[in-house]
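Student: Sharing a sequence plus its predicted fold:
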Amino acid sequence: MHLTLVGLSHKTAPVEIREKLTFPENRQEHALSILTSSPAVAEAVIVSTCNRTEIYAVTTSGYDGPGAIIDFMADYHQLDRHELVRYLYISEGEAVVRHLFRVVASLDSMVLGEAQILGQVKDAYQYSLDGGGSQRIFNKLFRQSFEVGKRVRTETDIGENAVSISYAAVELAKKVFDNLDGRTILVLGAGKMSELTAKHLVANGVHNVLVANRTFERAVELAERFDGEAIPYEDLFTRLRETDILISSTAATHYVVTKDKVAPSLRGRRGEPLFMIDIAVPRDIDPACNDLDDVFLYDIDDLNGVVESNLEERMREAQRAEVIIEEEISSFERWIESMEVVPTVAAIRAQAEKIRQAELEKALKRLGGLSEKEIKTVEALTGSIVNKMLHEPTSRLKDAAAEKDGYEYVEAARHLYGLDEEHPKERTSLIRSLLGRPEKAPKTT
Amino acid sequence: MDKVLMEQISVVLFWFALVLYVGATVLYAYQFLLRKPVAAWWARFFTGAGFLAQTISIGANSVAQGGTPLTGPNQLMLAAWALVLLYFVIEHLIKLKVYGAFLIPIAVVLMIASRFLGPAGVQPPAPNPLLDSWRVGVHVALIIFANAGFAFGAISSALYLYQGTRLKKHKTNLITRRLPSLATLQTIARRAIGLSFPVYTIGLVLGIIRALETDISGWWADPRIMLSGLVWLVFGFYLLAVYRRGVSGKTASWIAIGGLFLVIVLAVLARTVPVGFHVFGLPPRE
């Protein structure tokens, strides 16, 4: 059995190709049933989002797993196989585990650290689970991947800092006010950008929206969209007293909001901060306003600076996420190793029992004429010797298998007991086949 | 129980508490910087265990001394104890763990100072019999708790200033990302000082009543009493400035920090200046 991944993403394929290869929710069950009906595929999960389509599979030994998956993709979407292959990436073994963990940790996303992908992979796994496409190996792998996603989000700041201008404004507003519930924003100018920023702020709890514009009708129009209040332009500085956040985006060619006009509005605010966002170019708000106590002014360049610094921060956090991923890969390997030890212990016991039975039979023939009670005593004696001889090594083997590189012990035990000698070609280490570890070169003497 | 044994228990548990608080400081710092939930849990556990050890230490010392000494190094130790208790209450109320990274180190400093600023090897003078009143005990307890509250408010104000300055300069870093919002820092500072002020006032009033009862001439000229009055004035002005005058968050924060500075001066004065400066600390004159 092998872990196999065939897929494409925003990194390898343009949207014209990605949109042709999607597996929408309502077709996932059908697609999975076709895919898993192939003798080459034992388990499968299809992850399909706007930025990626990936098929994760446990493929059966003796078949061309990646080939079967590519055929399925081409046939299902009626695409030319040779054309399709140009955009695909194929991974096998441990690389599949690493890729999946990086995907759920949002390290492979278009926007590093975005939160949606974890939910999307969870949905994909659930479809597969419901349809019987996910079994023992994928149940473990995908559930562990969700833990990876959760760990990365809680133990790093990868998703913490906004990486778009409007979200950066919201994030900064939260740094000033914490909770935006009940806060009042004043939108100055009815431009698209200020509308978008206001929309984000409203989505985050702001519910008092004041709109001021030189053309009052446009102010009314925008205010209606937010269930807010249009105010006459000349009342701007009076209403600034009750404002927590000012968003300005007018077409004026000079400063509309100046320090001397803002200063009187700050009186009586009891130290309540005033957060100003100037997204107009040329700027609407005099930068000197930032010198006033309790005023925090950000223009478009400042917001861009915040976004860039946040992106850099996310890159740094991604390195911490990679460490978590490596830990989780080791943990998954240990699980596979522990899976291998159970059949190995059973095989050792079976072999010992076979030897015991054969030797017992020979001994009984030689002794002859033993009573029923004596035979039972000899049987119990041999059984007890075998059990006691095997107890310590098998329990130690079980413990060792759970350790890092424990499969070495399992391999050694199989070698020492000669478990694979009857059909050596049929048996390949599970960890080697699933994770694509190379076979060790035979020792020469 | 044997007095010597109780003293030994008190000393051992003091150092035990100190080690636990130092451990909690490291863990809170680790949690603050790297946001490890496990570290937060252990930090809380260490703080709780340290608090328990410190409480038993104070209790054992009180048994050994036949009462809780309210002068000398013990006052700083009680201040550390009050600060940790206050931190627990506030953390429970506001669910903010970041304060642990700033307040527990202060408790550690207070505890260390209580050992090293005290008159080492010198037995404190016998307490003045004038101190033998319930009012004095309540007076000291209230002042200690109020000071812990003022420290909380001032630390919050200092964090407000840091956060505000970084936001004004449009520069964020790991610390600003970890700190609560300006509004939260401001609210906590105001509430901590707002709640501590009446406690401090009652503490002072009880002290004044006791002073009037004992009829010592010139009690009001005691520098510690005068400085306490100044602390009261500064924090009173803070509340007036914030709630009546509506001063800026920056100005209010500086006032709070100034108030804490006076509290520290008062504490240092009490440790370093001869006892006679606080007339009630004097042993009875021959």
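Tutor: That came in fine, so what should we check first? Numbers count the residues shown, from 1 in each chain, chains lettered A, B, ... in the order given.

Student: What is the helix ranked longest in chain A packed up against?
Tutor: Criterion DSSP state H: the longest helix present in chain A is helix A:300-367. Helix A:300-367 is packed against helix A:94-104, helix A:136-155, helix A:165-177, helix A:372-401, helix A:407-416, helix A:430-435, with contacts defined by 3 or more Cβ pairs under 8 Å, 6 or more residues apart in numbering or on different chains; DSSP states H and E. In short, each C-beta sits where N, CA and C put it, glycine included.

Student: What mean pLDDT does the last one get?
Tutor: Going back to what we said before, that points to helix A:430-435. Helix A:430-435 carries an average pLDDT of 67.

Student: ok, how many other residues are close to B:L85?
Tutor: A count of nearby residues for B:L85, using other Cβ atoms under 10 Å in any protein chain shown, gives 16.

Student: now A:K261
Tutor: Count around A:K261 with other Cβ under 10 Å applied: 15.

Student: Got the confidence number for it?
Tutor: So, for A:K261, pLDDT stands at 91.

Student: In terms of helices and strands, where is the residue nearest to it when sequence neighbours are not counted?
Tutor: Leaving aside its sequence neighbours, A:K261 sits nearest to A:F237 (Cβ to Cβ, 6 or more residues apart in numbering or on different chains; 5.2 Å). In this assignment (DSSP states H and E), A:F237 forms part of helix A:236-239.

Student: So for that helix, what gets flagged as buried?
Tutor: A:L236, A:F237, A:R239 (16 or more other Cβ atoms under 10 Å in any protein chain shown).

Student: Can I get those residues in a markdown table including pLDDT?
Tutor: Output for these, formatted as a markdown table (pLDDT from 0 to 100):
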| residue | pLDDT |
| --- | --- |
| A:L236 | 89 |
| A:F237 | 90 |
| A:R239 | 90 |
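
Student: any idea how far A:L274 lies from A:P282?
Tutor: 22 Å (Cβ to Cβ, to the nearest Å).

Student: Between these two, which has more neighbouring residues?
Tutor: A:L274 (23 against 11).

Student: What is the neighbour count of the residue nearest to that one when sequence neighbours are not counted?
Tutor: Distances taken as Cβ to Cβ, 6+ apart place A:V295 nearest to A:L274, at 5.0 Å, with adjacent residues excluded. Counted by other Cβ under 10 Å, the residues lying close to A:V295 total 22.

Student: For A:V295, which residues are in contact?
Tutor: The contact partners of A:V295, by Cβ atoms under 8 Å, 6 or more residues apart in numbering or on different chains, come to A:V262, A:L266, A:P273, A:L274, A:M276, A:C289.

Student: switch the cut-off to 7 Å
Tutor: Applying Cβ atoms under 7 Å, 6 or more residues apart in numbering or on different chains, we find A:V295 in contact with A:V262, A:L274, A:M276, A:C289.

Student: next one: B:L262
Tutor: Residues in contact with B:L262 (Cβ under 7 Å, 6+ apart) are B:L227, B:L230, B:V231, B:V234.

Student: nearest to chain A, of those?
Tutor: Closest approach to chain A among those (Cβ to the nearest Cβ): B:V234, at 17.2 Å.

Student: Would you check that A:K259 makes contact with A:N290?
Tutor: No. With contact defined as Cβ atoms under 7 Å, A:K259 does not reach A:N290; the gap is 8.9 Å.

Student: So out of everything in the stretch 201-350 of chain A, what residue is nearest chain B?
Tutor: With Cβ to the nearest Cβ as the measure, A:D293 is the residue of the stretch 201-350 of chain A nearest to chain B, at 3.4 Å.

Student: Who are the contact partners of that residue?
Tutor: A:D293 makes contacts with B:S248, B:K250, B:T251, as judged by Cβ under 7 Å, 6+ apart.

Student: now it, what's its secondary structure?
Tutor: Look at A:D293: counting by DSSP: H, G, I helix; E, B strand; the rest coil, its state is coil.

Student: Doesn't A:P39 lie inside a strand?
Tutor: No. Assessed with three-state DSSP, A:P39 is coil; it does not lie in a strand.

Student: from memory it sits against A:G65, does it?
Tutor: No. The pair A:P39 / A:G65 is not scored as a contact, 10.6 Å apart, by Cβ under 7 Å.

Student: Settle it for me: which of those two has more neighbours?
Tutor: Set A:P39 next to A:G65 and count neighbours by other Cβ under 10 Å: A:G65 wins out with 25 against 11.

Student: Quick check: the more buried one touching A:T59?
Tutor: Yes. The pair A:G65 / A:T59 is scored as a contact, 2.7 Å apart, by Cβ under 7 Å.

Student: burial measure for B:T165, as a count.
Tutor: Neighbours around B:T165, by other Cβ under 10 Å: 12.

Student: Apologies, that question was intended for A:A350.
Tutor: Neighbours around A:A350, by other Cβ under 10 Å: 12.

Student: for A:I185, helix, strand, or coil?
Tutor: With three-state DSSP as the basis, the three-state label of A:I185 is strand.

Student: And it, how far from A:A252?
Tutor: Distance, A:I185 to A:A252, using Cβ to Cβ: 19 Å.

Student: low-confidence ranges in the stretch 151-286 of chain B?
Tutor: Within the stretch 151-286 of chain B, the ranges that satisfy pLDDT under 70 run B:218, B:269-286.

Student: got a winner among the contacts of A:V295 for most neighbours?
Tutor: Most neighbours among these, by other Cβ under 10 Å: A:M276, with 25 neighbours.

Student: Let me see the backbone angles for that residue.
Tutor: phi -110, psi 130 (degrees, to the nearest 10).

Student: before we move on, what about A:A251?
Tutor: The phi/psi pair for A:A251 (degrees, to the nearest 10) reads phi -100, psi 10.

Student: Number of residues surrounding the residue lying closest to it once chain neighbours are set aside?
Tutor: Excluding its sequence neighbours, the residue lying closest to A:A251 (Cβ to Cβ, 6+ apart) is A:G189, at 7.1 Å. Other residues within reach of A:G189, judged by other Cβ under 10 Å, total 24.

Student: Domains in the chain, by residue range?
Tutor: Defaulting to chain A. What automatic domain parsing lists as the domains of chain A is A:2-155, A:165-293, A:333-435.

Student: if you could check chain B rather than the one you did, that'd help
Tutor: Split into domains by automatic domain parsing, chain B comes to B:1-127, B:131-279.

Student: returning to what we had before: just the contacts of B:L262: which are in helices?
Tutor: Those of the contacts of B:L262 mapping onto helices are B:L227, B:L230, B:V231, B:V234, per DSSP H.
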